[in-house]
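Student: Sequence below, structure please.
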Amino acid sequence: MSKKDSKDQERFMSFVFRGKEIFKPLNTGFIDKRVGCIREYVANIYFYTKDNQTIMIDAGYNYDRLAEKMRWLDINPKDIKDILITHQDTDHVGAVEKDSDGLFRQAIIYIGRIENEYLEGRKCRKVLWGLYKLPQVYIDNEKVLIDDGQVFYIGNIKIEAFLVQGHTWGHLVYLIDDEYLFTGDTIWFGADGGYAFLNILAEDSKLQIKSLKKLEEILRKRKLKLKIITGHTGWSDNPDFAFAHTDEICNALRRKPKVHDCKAPYDGYDERDDTEENARKILLDKY
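Tutor: Below you'll find the model as predicted:
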């Protein structure tokens, strides 16, 4: 996604979703000592640090303030050697697209084997119930293809990938060190709990619900204490809240969610409250 496309989306999406309590990004800051977050418009990207090694989870928009906000967290783009990608939508891979600023040209990209078919042109990304085709995304970085259920290590960081199809055909979520679940665009948090992510952006809404319920079953059997971290609506350490409505999908065409969310910004694209001062001194609240 070019910078012009990013700016055009900022203006259009701000107008369409203003006041609807759909996008509720976290501001830039830290969830805890291991997880840092950067806000890019309505999307969040994350950094996980352990034993002096930092990996990145998703790569956001083609966003002109990314390096600036990374400085707020004392992270140097040159130190990022590994980036986990949940899916190839351009609000999750913009900083590694071919026409980006190239902050992470040397980083290795970890992406699902099925999701990679979009990048190679064997699948076409469709939204709005298949009525609209998105342009192909191009990434030149070295890639490592990941399969469902695969466990791998980056340094001392343990990562397990789960295929959660529906939003895209190859969407992965990543369980890191059995404590942090990065869900990308599989879960949307409302004031009354988690739902399957937005209906208008799903390749297959019914499959998305089915996949999410399967993920919930796997995780509940393990009885892990998790921090569940979403791409657009914050985080929670309460699995009952996070999986409260796995049999429903968020209806983005409804004027407002069925339960009012007092935490929701009027305009998710208004970043005036995202400041370096707050990023450095305030931990990010959970749902």
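
Student: Count the neighbours of the residue nearest to Thr28 when sequence neighbours are not counted for me.
Tutor: What sits nearest to Thr28 in space, not counting adjacent residues and going by Cβ to Cβ, 6 or more residues apart in numbering, is Ala279, at 4.3 Å. C-betas here are computed from N, CA, C, even on glycine. Number of residues near Ala279 (other Cβ atoms under 10 Å) recorded here: 21.

Student: So Ala279 belongs to a helix, correct?
Tutor: Yes: Ala279 sits within a helix when classified using DSSP: H, G, I helix; E, B strand; the rest coil.

Student: Pretty sure it sits against Met70.
Tutor: No: counting by Cβ atoms under 8 Å, Ala279 sits too far from Met70 to count as a contact (10.4 Å).

Student: Point out where the stretch 1-150 of the chain drops to low pLDDT.
Tutor: Low-confidence segments of the stretch 1-150 of the chain (pLDDT under 70): 1-5.

Student: how about a cut-off of 90?
Tutor: The stretch 1-150 of the chain contains residues with pLDDT under 90 at 1-20, 99, 101.

Student: Please apply the same query to the stretch 151-287 of the chain.
Tutor: Across the stretch 151-287 of the chain (using pLDDT under 90), the flagged ranges come out as 252-259, 262-263, 268.

Student: ranges for the helices of the stretch 1-150 of the chain?
Tutor: For the stretch 1-150 of the chain, applying DSSP state H, counting those that start in this stretch gives helices covering 3-17, 66-72, 90-93, 116-119.

Student: Is there a neighbour count for Leu128? I'd like the number.
Tutor: Leu128: 11 neighbours (other Cβ under 10 Å).

Student: got the contact list for it?
Tutor: Ile200 (Cβ atoms under 8 Å, 6 or more residues apart in numbering).

Student: Go again with 10 Å.
Tutor: Shown in contact with Leu128 (Cβ atoms under 10 Å, 6 or more residues apart in numbering): Asn199, Ile200, Leu201, Ala202.

Student: In strands, which of those residues fall?
Tutor: In strands, judged by DSSP state E, none of those are found.

Student: ok, these vs Lys78, which is closest?
Tutor: Set against Lys78, the nearest of those by Cβ to Cβ is Leu201 (32.9 Å).

Student: Go ahead and confirm the closest one touches Ala252.
Tutor: Yes: the pair Leu201 / Ala252 is scored as a contact, 7.5 Å apart, by Cβ atoms under 10 Å.

Student: and the longest helix for the chain?
Tutor: Identified as the longest helix of the chain according to DSSP state H is helix 205-222.

Student: hmm, back to that, quick check: which of the helices of the stretch 1-150 of the chain is nearest to Asp192?
Tutor: With Cβ to Cβ as the yardstick, what comes closest out of the helices of the stretch 1-150 of the chain is helix 3-17 (19.3 Å).

Student: how far is the closest one from where the chain is centred?
Tutor: Relative to its parent chain, helix 3-17 has a centroid offset of 18 Å by Cα atoms, centre = their mean, to the nearest Å.
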